[in-house]
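1. give me a 3D structure for the following:
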Amino acid sequence: MVYLAPLVAAVLILFAAGCCKRVSASLAIGSVLISCAGSWVLFLQGTDLMVSGMTWMDFGKVLTIPIGMNIDALTRTMMVVVTSIATLVFTYSLGYMREEEGYCRYFAGLSFFLFSMLGIVVASNFVMLFINWELVGFSSYLLIMHFFEKPAAADAGKQAFIVNRLGDFGLFLGILLLWIATGSLSFETINKASSLFTDHPALLAVALLLVFCGTVGKSAQFPLHVWLPNSMEGPTPVSSLLHAATMVAAGVYMLARIFPLLHCSPMAREGIMWIGAITALMAALMATQQNDFKKVLAYSTISQLGYMVTAVGVASSASVPMFHLFTHAFFKCLLFLTAGSVMVSMHHELDIWKMGGLRKRMPITFVTFLCGMLALAGAPFFSGSFSKDLIMKFAFQENKIVFWMIVIAAAFTAFYITRVCMVAFFGKPRSEHAAMALESPLVMTAPLILLSIPAVFSGYPWVEHIFITPLGSASLLQETPAYVEWLFISFFILGTVGAILLYRNATQDPVVIPFFAQRFYIDNLYEWCVQKIQGGVANLAAFFDRWIVDAFLVQGIASLVWSIGFVLRFLQVGSLQIYTLFLGAGVIFLVTLLLRIH
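-> Numbering: from 1, shown residues only. Prediction:
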C-alpha cells in the first residue's frame, strides 16, 4: 500500500474524478497519507525485509530479474522523508493551486510522481530502479510544464527531459557493465561482488562513473545542471517536492545504495568528489547574482547537492551524504514553500527587487523563511550546520583543495540567502503588490510552521541517532583541529554580515557581476552548440538528403527510368508495317556487326 497507493490515486483521478476538484484533491491527499503512515510504521518497526515478488524476466542462467522490494535502514529513512514532505506539499497545494488551471491534472501528476519516486526507493535491483528512474523523469516533465500554454514552461519541460536523457544513457551503460562483470543486477549481489573487480580496477571505475552520469543528470551536477533553474516554470509546490526529497535527491540516494562498491574504487570516488565540489562552488556563485526568488533557491539546491556528491567522494560511510540529504530536504522544502507564499501574495511576482517590507505584511512566512535561511546558511545550532560541517571535516581529512572550495561555497551560501532576506523582507515596499501583500491562508502557513521544526532540529545528535546512524557510522573521521570549527563559523558570519551591510538599504543591486549573473555563460555555450554545431550538422544532413539522396539517387534514377520509358514509347506506334521495318533494320544491324567482327 505504501508504494501503490499514489498510483491508484493517479489512475482514479484521471479516469474517474477528473472533473471534480474536491474528489481529486481528496484522493491525492488520502493516498499520500496512507503512504506516509505506512512508511512510519515500517520505520518504527525497524525490520529489514526483502520482498520477493514474481519473476519479471527469466533468461535462465544468464539473467533473472524479479519484481521485489528491499526494505532496509536506508529505504526506511528515505521513505519517511519522501512521504512526510510529500504530505505537507500536497496539503499546501490545496491553497496554492485553488485558482490555477489544470487542478485535477496537477494532483494526478503529483500522485504519479510520488509513486515513481517510491519505486526508486524500494527497488531491489537496477532494472526496477531504472524503470522508476525514467518514470520520475517523465512525471517531472509533465509537472514542470504544467502551464504548458506558456512557451517558457513548455521549453523548460523539454529541456529537463532531454538533459536527463543524456545522463540516463550513461547510467544505462554503467548498469550493463556491472551486469557483465557480476552477472547480476541485484544491489545486494553487486555490493558484495567487489572481489570480482580486484584485477580490473579501471573497469570498476568506468562502470561506476557511468552510473554516476545518472546522478549528474537527475541531481543537476555540472555540466548537466542547466535544466534545474529553468524547471522553476512549474508550480512552486512541484519545485519544492522536486528539490527537497524526490527527483534531485534520487541521484544521491542511488550512490548511497551502491556505496559499498563505490568505496572499493578510489578513482571513481575522486572523480565524484571533484564534480561535487565544482558544482557546489559554481552554483553558489551563480546564486549571488540571481534576482528571481525561486531561481536563487534553485541554484542553492544545485550547490547543496554538490555538497552531498562531494560527501560520497570523501566520506567513509553513506550516512554522511544521507545526513545532509535528510536535513536539506526539510529546510529546502520550507524555503520553496515560503517562496510560494510570497508569490501568491505578490500576484506571482518573483523579482526580489519588486518586493520589500514583507516581514511586516507576512510575519508567519517571514519567521519560517528565517528558520530555513539560517539552516541553509549553516548557522550554529540549526540543522544545516551539523550535516554540512561533517562533510567539510571529511573533506579536510581527504583533500585540502576540495575543503577550501566547499568552505568558500558555504560563505557564499550565507551571502546569497541573506541577500534575498534583506531585499525581499526588509526595507520599504518597492511595488504596489508588496505594499498590499497579505499573509497566506492557514492551509499554506500550517505546512510552513510544521516544516520549520525539522528545519531547525533535524540535525541534532538525538535526531541523527534515530534516522541516520543506522545507515552507517562515520567513525573513520579523524579529529580535526579546533580552528576548523571556528573557520566554519567565521565564514558564515562573513557571508551573512557582508550581505546585511551591502543590501540593508539598497534600492538596486550594488554588486553586479555579469559573469555570475549569466551563469558562467554555460547556458549560452550550450545554446551556441545547439544552434551552430547541431544546427550545422542538421543543415549538412538536410543538404545531403535533398541534393544527393533525394535529387540524385531517388529522383535522378526515377527521372532516368522515366526518360528511357518516354523515348521507348515512341517505338510503340501500333503499325505492323513499322514493326516489320524495325525488325528488318535490326537484322541488317546485327548482320553488319557480325561481318565487322569477323
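2. so I352 makes contact with N291?
-> Yes. I352 lies in contact with N291 (CB atoms under 8 Å); the separation is 5.6 Å. C-beta coordinates here come from the backbone N, C-alpha and C atoms, glycine included.
3. the two - which one has more neighbours?
-> I352 (24 against 16; other CB atoms under 10 Å).
4. G378 versus that one, what's the distance?
-> Per CB to CB, to the nearest Å, I352 is found 21 Å from G378.
5. in terms of helix, strand or coil, where does V2 fall?
-> coil (DSSP: H, G, I helix; E, B strand; the rest coil).
6. pLDDT wise, what is it at?
-> At V2, the pLDDT value in this model is 83.
7. ranges for the helices of the stretch 401-550 of the chain?
-> 432-435, 442-457, 461-467, 482-503, 514-517, 522-528, 535-543 (DSSP state H, counting those that start in this stretch).
8. name the helices or strands packed onto the fifth one?
-> In this structure, helix 514-517 packs against no helix or strand, with contacts taken as 3 or more CB pairs under 8 Å, 6 or more residues apart in numbering; DSSP states H and E.
9. ok, residues contacting that helix?
-> Where contact means CB atoms under 8 Å, 6 or more residues apart in numbering, the residues beyond helix 514-517 that reach it are 285-286, 288-290, 521.
10. right, and the helices of the stretch 401-550 of the chain - which one's nearest A108?
-> helix 442-457 (19.9 Å; CB to CB).
11. would you mark the buried spots in that closest one?
-> Buried positions in helix 442-457, judged by neighbour count with 16 or more other CB atoms under 10 Å: 444-448, 450-452, 454-457.
12. need the winner for burial among the helices of the stretch 401-550 of the chain.
-> Highest mean neighbour count of these: helix 442-457, a mean of 21 (counted as mean count of other CB atoms under 10 Å).
13. using PDB, write down the CA coordinates of it.
-> The C-alpha trace of helix 442-457 is given here as PDB (Å, rounded to 0.1, in the frame of the first residue of the first chain):
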ATOM      1  CA  LEU A 442      -3.900  28.600   7.100                       C
ATOM      2  CA  VAL A 443      -3.800  25.700   4.600                       C
ATOM      3  CA  MET A 444      -0.500  27.200   3.300                       C
ATOM      4  CA  THR A 445       1.000  28.600   6.500                       C
ATOM      5  CA  ALA A 446       0.400  25.400   8.600                       C
ATOM      6  CA  PRO A 447       2.900  23.300   6.500                       C
ATOM      7  CA  LEU A 448       5.400  26.200   6.800                       C
ATOM      8  CA  ILE A 449       5.100  26.100  10.600                       C
ATOM      9  CA  LEU A 450       5.400  22.300  10.700                       C
ATOM     10  CA  LEU A 451       8.400  22.300   8.400                       C
ATOM     11  CA  SER A 452      10.200  24.900  10.400                       C
ATOM     12  CA  ILE A 453      10.600  22.500  13.300                       C
ATOM     13  CA  PRO A 454      12.700  19.900  11.500                       C
ATOM     14  CA  ALA A 455      14.400  22.700   9.600                       C
ATOM     15  CA  VAL A 456      15.800  23.800  13.000                       C
ATOM     16  CA  PHE A 457      16.200  20.500  14.800                       C
END
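14. which strands and helices lie in contact with it?
-> Contacts defined by 3+ CB pairs under 8 Å, 6+ apart place helix 442-457 against helix 73-96, helix 319-345, helix 363-377, helix 383-398.
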